[in-house]
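Enquirer: Sequence plus predicted model, see below.
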Amino acid sequence: IFTLGHLCLSAGDSDAALELLDLGLETSPADLALRAMHIGALEQAARYRDAIAAAQQITRLDPGFDAKWREITLLLRYGQNEDALKACDRLDAMAGLNASHKAAIAMVRAQLLRILGDRNESIGAFQQSLELNPANANAWWGLADLKTYKFTDQDRAALEKLMARPGLHPQEKCMAAFALAKAEERKDA
């Protein structure tokens, strides 16, 4: 069922995939791989509320970080911002001392707060993400995208250090370059 569902999704036939995956979940309701594919099929079929509900059901079966992270990303992607913010708070408490997880959660929280119009809290969350992961080019880009964020000398130095980092992924380098350009542009503003 997994293989056939994957083939149907690859061919763009989400209805056939959903039919197969529903059958598979009837016989194996705790199969997390089938459930994850089911979410993808629901998204492909533009059944976004159902996809969110399916992700929330996975978190009841698997209360781990990855399942809850999937839920947050779906909530963010489909504009369920208040629910996503609450889910971030719950997941942050669960992340413990894992700096990578906490940085990712802070990044999503920053995006949500920006969407909700809370600029100061958004800046704080971007900065928290950068404290936990100074190489987070996404967070630098997010600050630059705020349009009125005033970069400090330390910010510019951190961005220059990030740009000089060997092996930096081209996409991250592009985001960091954008942020550095905005920092320079706003330097005397």
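Expert: Alright, I've got the coordinates.

Enquirer: for this protein, which spans come out with low pLDDT?
Expert: Scanning the chain for pLDDT under 70 picks out the ranges 189.

Enquirer: what about the helices in it?
Expert: 2-10, 14-27, 32-44, 48-61, 65-77, 81-95, 99-115, 119-132, 137-145, 153-163, 170-185 (DSSP state H).

Enquirer: From the centroid of this protein, which residue is nearest?
Expert: residue 73 (4.9 Å; CA atoms, centre = their mean).

Enquirer: Excluding sequence neighbours, find me the nearest residue to it.
Expert: residue 108 (7.6 Å; CB to CB, 6 or more residues apart in numbering). Where C-beta positions appear, they are placed from N, C-alpha and C, glycine not excepted.

Enquirer: so that neighbour touches residue 74, yeah?
Expert: No: contact criterion CB atoms under 8 Å: residue 108 and residue 74 do not qualify, at 11.6 Å.

Enquirer: quick one, phi/psi of residue 31?
Expert: phi -80, psi 100 (degrees, to the nearest 10).

Enquirer: Report how many residues lie close to it.
Expert: By other CB atoms under 10 Å, the residues close to residue 31 number 17.

Enquirer: do residue 126 as well
Expert: For residue 126, the count of nearby residues is 28 (other CB under 10 Å).

Enquirer: That one and residue 138: what is the separation?
Expert: Using CB to CB, to the nearest Å, residue 126 is found at 9 Å from residue 138.

Enquirer: Mutual contacts of the two, please.
Expert: Common neighbours of residue 126 and residue 138, using CB atoms under 8 Å, 6 or more residues apart in numbering, are residue 107.

Enquirer: Return the distance of stretch 26-38 from the chain's centre.
Expert: Relative to its chain's centre, stretch 26-38 lies at 23 Å (CA atoms, centre = their mean, to the nearest Å).

Enquirer: what's the span of it, first residue to last?
Expert: Counting by CA to CA, to the nearest Å, you get 12 Å between the two ends of stretch 26-38.

Enquirer: Not counting it itself, show me its contacts.
Expert: 1-2, 5-6, 9, 17-18, 21-22, 24-25, 54, 57-58, 61-62, 67, 70.
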